[in-house]
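Student: Provide a 3D model corresponding to the input given below.
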Amino acid sequence: MVILERISEAVRSRPAWKVSYVQEYVPAGMTAGETVSGTLVLAWPDRALFTEGEPPVRSMGLEGRKVRLVDLEARSCDDHVLTDREWTRIPLVAMLDPAKALDRFSLAVSEDALVLVPREPGSIARTTVRPGPDGLPSEVTVEDVSGAINRFRFSGWRPASGLPEGWLPEPPEGVTCVSDDG
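Tutor: All right, here's what the predicted structure looks like:
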């Protein structure tokens, strides 16, 4: 719990943070997968904007419970509103609100990392968070129930100079976002 509280305090110490990341996705049963890099802007309590590529080719924004995925190459935009169950299972939520994390996750410390295991079965088997010396995450690894691994390595956490105009990325010109709510 100390690691989780330290991460939460570090995130809350500034209005917003910006960090570079390298994301590696390894499908179940494989030893290697796809690697992409990008930038994350994060603001407490529930805002995040992932931007992949330089120049950006894909973006994923989170504002409250709304998530938007924009792919400029595929010229697509998808909106999704997180259900209560989906919301409580997001590892980011546990890091931002450690008191509620115990309701949602079993916590264990493994070497220098915190392992979060969802209390209710679902798509995520476990999340491992390794904090850096500044208290902010240096690595977050999410393993789904099929065994696929999604690993984020973060470097260069710094206070964000100004917040994004919109946390949900704009779709490409002429593209309408498809919403899963009909």
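
Student: Run through the protein and note the low-pLDDT ranges.
Tutor: Per-residue confidence for the chain (pLDDT under 70) gives these ranges: 1, 88-89, 91-98, 182.

Student: one more time with 80, if that's ok
Tutor: Flagging of the chain using pLDDT under 80 yields the residue ranges 1-5, 8, 45, 84-104, 110-111, 121-123, 162-164, 181-182.

Student: those helices in it, which residues are they?
Tutor: Along the chain, counting by DSSP state H, helices occupy 2-12, 84-88, 91-96, 98-104.

Student: out of the ones you listed, which comes closest to residue 167?
Tutor: Nearest of the helices of the chain to residue 167, taken as C-beta to C-beta: helix 91-96 at 13.2 Å. Every C-beta, even on glycine, is put in place using the N, C-alpha and C of the backbone.

Student: if we can go back for a sec, could you dump the helices of the chain to a markdown table with mean neighbour count?
Tutor: Formatted as a markdown table, the helices of the chain follow (neighbours: other C-beta atoms under 10 Å):
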| stretch | mean neighbour count |
| --- | --- |
| helix 2-12 | 17 |
| helix 84-88 | 13 |
| helix 91-96 | 22 |
| helix 98-104 | 15 |
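
Student: Okay, the closest residue to residue 87 other than its chain neighbours and residue 84: tell me how far apart.
Tutor: Using C-beta to C-beta, 6 or more residues apart in numbering and skipping residues adjacent in sequence, the residue nearest residue 87 is residue 65, 5.8 Å away. From residue 65 across to residue 84, the span is 9 Å (C-beta to C-beta, to the nearest Å).

Student: Ok, residue 110 next?
Tutor: Noted for residue 110: a distance of 29 Å to residue 84, by C-beta to C-beta.

Student: Pull the contacting residues for the nearest residue to residue 135 once chain neighbours are set aside.
Tutor: Excluding its sequence neighbours, the residue lying closest to residue 135 (C-beta to C-beta, 6+ apart) is residue 10, at 3.5 Å. For residue 10, the contact set (C-beta atoms under 8 Å, 6 or more residues apart in numbering) comprises 131, 134-136.

Student: Recalculate using a threshold of 10 Å.
Tutor: Residues near residue 10 by C-beta atoms under 10 Å, 6 or more residues apart in numbering: 17, 95, 131-132, 134-137, 157.

Student: Filter these down to the buried ones.
Tutor: Among the contacts of residue 10, those classed as buried by 16 or more other C-beta atoms under 10 Å are 17, 95, 131, 135-137, 157.

Student: Among the residues you listed, name the ones in strands.
Tutor: Cross-referencing the buried ones among the contacts of residue 10 against strands under DSSP state E gives 17, 131, 137, 157.

Student: Bridged to the third one, which residues?
Tutor: Residue 137 has these beta-bridge partners by DSSP bridges: residue 131.

Student: is it true that it touches residue 11?
Tutor: Yes - shown here, residue 137 and residue 11 form a contact pair, counting by C-beta atoms under 10 Å, at 8.9 Å.
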